[in-house]
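**Student:** From the sequence below, what's the structure:
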Amino acid sequence: MTAENEVQFFVSPLPFLQSVVDQLLLSPCLRASKAIALPYSRSLSPYFEEVVNGAPFETIMGCLLEAGLITSPTKQWKQVTKRLLEGLRQVKRDHPDVAIECFKPDGYEEWVVHTSTEIAALVMRAGARGRVDVSEWRSKLLESLDFEDTVEEEVDRLHDIARRRGSPVFAATWGTCVPLLRKLRSRGLRARAVYPVKPYVKNPLEELETLVYAKGAKGISDQLLENLAKRYVDYVREYVMKTHSVDEAYALWIRKEISKKLRALLAKQS
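**Tutor:** Predicted coordinates for the structure are as follows:
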């Protein structure tokens with residue numbers, strides 16, 4: 001099987017980091033692709049194409065808000081999206097035939113905002129109470145799974161992009177992409193993931209989401225759920241809230257995690 005049958009995922013830790021966008025735009029694989037698939041609602045494709053072709057990002061954002069296609073984008077979403085689309089302008093100039101399309105189901109951005117708001121509320125309540133309410137966290141995971149059941153729809157979209165536009169397809173995403181890889185492979189495509197952040201360490205929320213994919217929310221024990229939820233609360237309070245950006249928070253947390261693991265390894269060997 002050759003690159004002609006390939007979908008390559010360029011994976012960022014949660015949430016999509018601005019530093020990863022910079023690496024993505026420099027990727028030789030992106031420039032060698034026939035189609036670039038972005039992790040946004042498919043209905044945003046023609047609007048994003050206008051930005052890539054030179055339209056001001058702020059003007060197109062106004063059109064999206066007016067059309068009700070997005071309603072409450074976060075600062076992080078706007079910064080990353082603007083950086084990504086404006087960066088793709090040079091790629092499009094160098095490779096005019098490359099197609100740029102979105103592969104998430106419509107309404108994805110609103111789901112992200114809703115879920116992020118709910119999880120932020122869980123973190124705040126856990127901090128105020130000094131404990132994690134396992135039943136609350138479990139219900140939110142189940143709610144998340146309801147949307148993630150649309151993985152089949154995303155696979156259909158990526159498969160369609162490869163059929164119409166040709167392959168290889170370069171797909172940007174964040175968090176776990178294991179379900180997408182498995183389903184695309186089952187359809188005869190060679191699907192693989194590239195992790196530009198080295199080392200790639202899942203933050204506690206991403207680790208939790210990966211387990212949900214593998215076992216389902218009901219398959220995770222209360223003890224494991226509570227442990228991961230507590231770790232995520234600490235991650236937000238000790239890193240996200242004390243730094244200027246999610247990029248800085250993740251970088252600082254990674255350094256501390258690696259240092260902790262090295263100390264544990266040295267302790268075992270001594």
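**Student:** make it CA atoms for all contacts and neighbour counts henceforth
**Tutor:** Fine.
**Student:** How about residue 247: what's its closest non-neighbour residue?
**Tutor:** Nearest non-adjacent residue to residue 247, counting by C-alpha to C-alpha, 6 or more residues apart in numbering: residue 17, 5.7 Å away.
**Student:** my bad, should have said residue 104
**Tutor:** Residue 104's closest residue in space is residue 41 (C-alpha to C-alpha, 6+ apart), at 4.6 Å.
**Student:** Dihedrals phi and psi, the one you found?
**Tutor:** Per-residue torsions, residue 41: phi -50, psi 140 (degrees, to the nearest 10).
**Student:** same thing with residue 40?
**Tutor:** According to degrees, to the nearest 10, residue 40 has phi -140, psi 160.
**Student:** Which parts of the stretch 101-250 of the chain are helices?
**Tutor:** Secondary structure of the stretch 101-250 of the chain (DSSP state H, counting those that start in this stretch): helices at 108-129, 134-148, 151-165, 178-186, 204-215, 222-235, 246-269.
**Student:** got those helices as CSV, with distance to residue 9 columns?
**Tutor:** Shown next, in CSV, are the helices of the stretch 101-250 of the chain (distance: least, C-alpha to C-alpha, whole Å):
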stretch, distance to residue 9
helix 108-129, 18
helix 134-148, 17
helix 151-165, 11
helix 178-186, 9
helix 204-215, 16
helix 222-235, 25
helix 246-269, 20
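**Student:** Which of these has the lowest mean pLDDT?
**Tutor:** Least confidently modelled of those is helix 134-148, at a mean of 73 by mean pLDDT.
**Student:** what's the spacing between the residue nearest to residue 60 when sequence neighbours are not counted and residue 56?
**Tutor:** Spatial nearest neighbour of residue 60, excluding adjacent residues (C-alpha to C-alpha, 6+ apart): residue 47 at 6.5 Å. Residue 47 sits at a distance of 11 Å from residue 56 (criterion: C-alpha to C-alpha, to the nearest Å).
**Student:** And residue 99, by the same measure?
**Tutor:** Remark: distance between residue 99 and residue 56 (C-alpha to C-alpha) = 19 Å.
**Student:** Residue 42 now?
**Tutor:** Remark: distance between residue 42 and residue 56 (C-alpha to C-alpha) = 20 Å.
**Student:** Which of those two has more residues huddled nearby?
**Tutor:** residue 42 (19 against 13; other C-alpha atoms under 10 Å).
**Student:** Pull the contacting residues for the more buried one.
**Tutor:** With contacts defined as C-alpha atoms under 8 Å, 6 or more residues apart in numbering, the neighbours of residue 42 are 101-106.
**Student:** what does residue 135 give?
**Tutor:** Counted by C-alpha under 8 Å, 6+ apart, residue 135 has zero contacts.
**Student:** ok, 10 Å please
**Tutor:** 141, 222, 225-226 (C-alpha atoms under 10 Å, 6 or more residues apart in numbering).
**Student:** Show me the residue sitting in the middle of this structure in space.
**Tutor:** residue 174 (2.0 Å; C-alpha atoms, centre = their mean).
**Student:** Could you check how far the spatially closest residue to that residue that is not a sequence neighbour is from residue 188?
**Tutor:** Among residues not flanking residue 174 along the chain, residue 12 sits closest, at 4.5 Å (C-alpha to C-alpha, 6+ apart). Taking C-alpha to C-alpha as the measure, residue 12 falls 25 Å from residue 188.
**Student:** which of these two has more neighbours?
**Tutor:** Higher neighbour count among residue 12 and residue 188: residue 12, with 24 against 11, using other C-alpha under 10 Å.
**Student:** What values do phi and psi take at the more buried one?
**Tutor:** phi -100, psi 150.
**Student:** pLDDT value on it, please?
**Tutor:** 82.
**Student:** residues in contact with it?
**Tutor:** Residue 12 is in contact with 18-21, 24, 172-176, 194-197, 200, 202, counting by C-alpha under 10 Å, 6+ apart.
**Student:** most surrounded residue in those residues?
**Tutor:** Counting by other C-alpha under 10 Å, residue 172 has the largest number of neighbours within those, with 24 neighbours.
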